[in-house]
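[1] what would the 3D arrangement of this be:
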Amino acid sequence: MNRPSRTSVLCPNCRRLVSADETRCPHCGERRPGSRLKNNFLTRYLGQSDQLVRTIIIANVAMFFLSLFLNARMPGLSMNPFHVLSPENRSLLFLGATGTIPIDRFGRLWTLVSAMYLHGGLLHILFNMLAFSQLAPLVIREYGGYRAISIYTLGGIAGFWISYRAGVTFTIGASCAVCALIGALLYYGLSRGGLYGQAIFKQIGAWAVGIMLFGFMVPGINNWAHGGGVLAGAALGFFMGYQERRIEGRFDRVLGYGCVGLTLVILAFAAASGIYYRLQIGA
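    Below is the predicted model:
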């Protein structure tokens, strides 16, 4: 009689290959690593940096095209490259731009999340997604997928909250969350030390300096959100830890799931309400 074959899975905690029927992971001690609750689409998804990065970029691009679709008229070409394919402020307000106007006047606290997925023009989204695609895989590698999505989401929320408290009236952009990734990597490089840590710190430090100079040279940049994102990312990196110090655990998974769920719900609500308000005005 043939014995049933034993399948292998990736441990959701340490990401090492183990037998699906192990009661504990022999590498990290995780209980029942082959459980369907611990090995499903979402756990495998958050463990693959390319999938996570690609999906966040797709979400940003989708919200950008939706914001153009909600314009009262099609955007035209502009002599200012920063205004090429620019959504109207009304469209951005419908979809969840944040700041003192949306929060204080309309009570839209949820826009602290949705604003991370909105952009004011073609160059705006191209620059942010290029920076994100360069930085996110490194954060995922050193912190893990669950902590990376938490740093991106919570760091972006904190950065926009700081800019709101500073009195910024109307703001959007993924750069706030991208700056949180920069802050986490700056903390990682400084904390880890050694040749590798120093190389990371110098490389990411150049990004931070570049963004700071860009913010002071170009009008309309939300430097409060950028600075707040960097500080929040560094703080999250300190409190959550990175892989070399502590492998991702249950708390990191729950927090990561929560950030993904919160983002999906808010973006779905923002898209639905944006289309509804646009139809109401157009009616």
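
[2] V18 sits in which helix or strand?
    strand 17-19 (DSSP states H and E).

[3] how many residues are close by the residue lying closest to N222 once chain neighbours are set aside?
    Spatially, and ignoring its direct neighbours in sequence, N222 is nearest to T171 (4.7 Å; CB to CB, 6 or more residues apart in numbering). Backbone N, C-alpha and C define where each C-beta goes, glycine included. Using other CB atoms under 10 Å, T171 is surrounded by 26 other residues.

[4] ok, L52 touching Y146?
    No - the criterion here is CB atoms under 8 Å, and L52 misses it with Y146 at 10.1 Å.

[5] just want to know which of these two has more residues nearby.
    Legend: neighbour count by other CB under 10 Å for L52 and Y146, higher for Y146 (27 against 20).

[6] who's in contact with the more buried one?
    Counting by CB atoms under 8 Å, 6 or more residues apart in numbering, Y146 touches 46, 248, 252-253, 255-257.

[7] do that again at 6 Å, thanks
    Y146 is in contact with 46, 248, 252-253, 256, counting by CB atoms under 6 Å, 6 or more residues apart in numbering.

[8] I'd say E248 and E142 touch.
    No - contact criterion CB atoms under 6 Å: E248 and E142 do not qualify, at 11.4 Å.

[9] any idea how far P219 is from T100?
    Plainly put, T100 is 19 Å away from P219 if you go by CB to CB, to the nearest Å.

[10] more neighbours: which of those two?
    Using other CB under 10 Å as the criterion, T100 and P219 rank with T100 on top: 16 against 7.

[11] what's the closest non-adjacent residue to that one?
    T100 sits nearest to T169 (CB to CB, 6+ apart), 5.0 Å away.

[12] returning to that earlier point: E248 and E142: which has the busier surroundings?
    Higher neighbour count among E248 and E142: E248, with 26 against 20, using other CB under 10 Å.

[13] how much space between the more buried one and G227?
    28 Å.

[14] and what of I221?
    I221 is 11 Å from G227, where distance means CB to CB.

[15] neighbour count for the two, which is higher?
    Comparing I221 with G227 by other CB under 10 Å, the one with more neighbours is G227, at 21 against 17.

[16] quick one: residues contacting that one.
    Contacts of G227 (CB under 6 Å, 6+ apart): none.

[17] cutoff 10 Å now
    For G227, the contact set (CB atoms under 10 Å, 6 or more residues apart in numbering) comprises 159, 162-163, 166, 176, 179, 183, 208, 211-212, 215.

[18] for S35, give me the pLDDT.
    Model confidence at S35, given as pLDDT, is 63.

[19] repeat for R6
    pLDDT, R6: 52.

[20] my read is that the residue nearest to T100 contacts G220, right?
    No - counting by CB atoms under 10 Å, T169 does not reach G220; the two are 11.7 Å apart.

[21] so between these two, which is more surrounded?
    Per other CB under 10 Å, whichever of T169 and G220 has more neighbours is T169, with 15 against 8.

[22] can you classify the more buried one as helix, strand or coil?
    Here T169 is recorded as coil under DSSP: H, G, I helix; E, B strand; the rest coil.

[23] that one and P219, how far apart?
    In terms of CB to CB, T169 sits 15 Å off from P219.

[24] pull the CA atoms of whichever strand or helix holds G229 into CSV?
    Applying DSSP H and E as the criterion places G229 in helix 223-240. Extracted C-alpha coordinates of helix 223-240, given in CSV (Å, rounded to 0.1, in the frame of the first residue of the first chain):
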residue,chain,number,x,y,z
ASN,A,223,7.2,68.8,3.1
TRP,A,224,5.3,68.3,6.3
ALA,A,225,4.0,64.9,5.0
HIS,A,226,7.5,64.0,3.7
GLY,A,227,9.2,64.7,6.9
GLY,A,228,6.5,63.2,9.0
GLY,A,229,6.6,60.0,6.8
VAL,A,230,10.4,59.7,7.3
LEU,A,231,10.1,60.1,11.1
ALA,A,232,7.1,57.7,11.3
GLY,A,233,8.9,55.1,9.2
ALA,A,234,12.0,55.2,11.4
ALA,A,235,9.9,54.9,14.5
LEU,A,236,8.0,52.0,13.1
GLY,A,237,11.2,50.3,12.1
PHE,A,238,12.5,50.7,15.6
PHE,A,239,9.4,49.4,17.3
MET,A,240,8.6,46.6,14.9
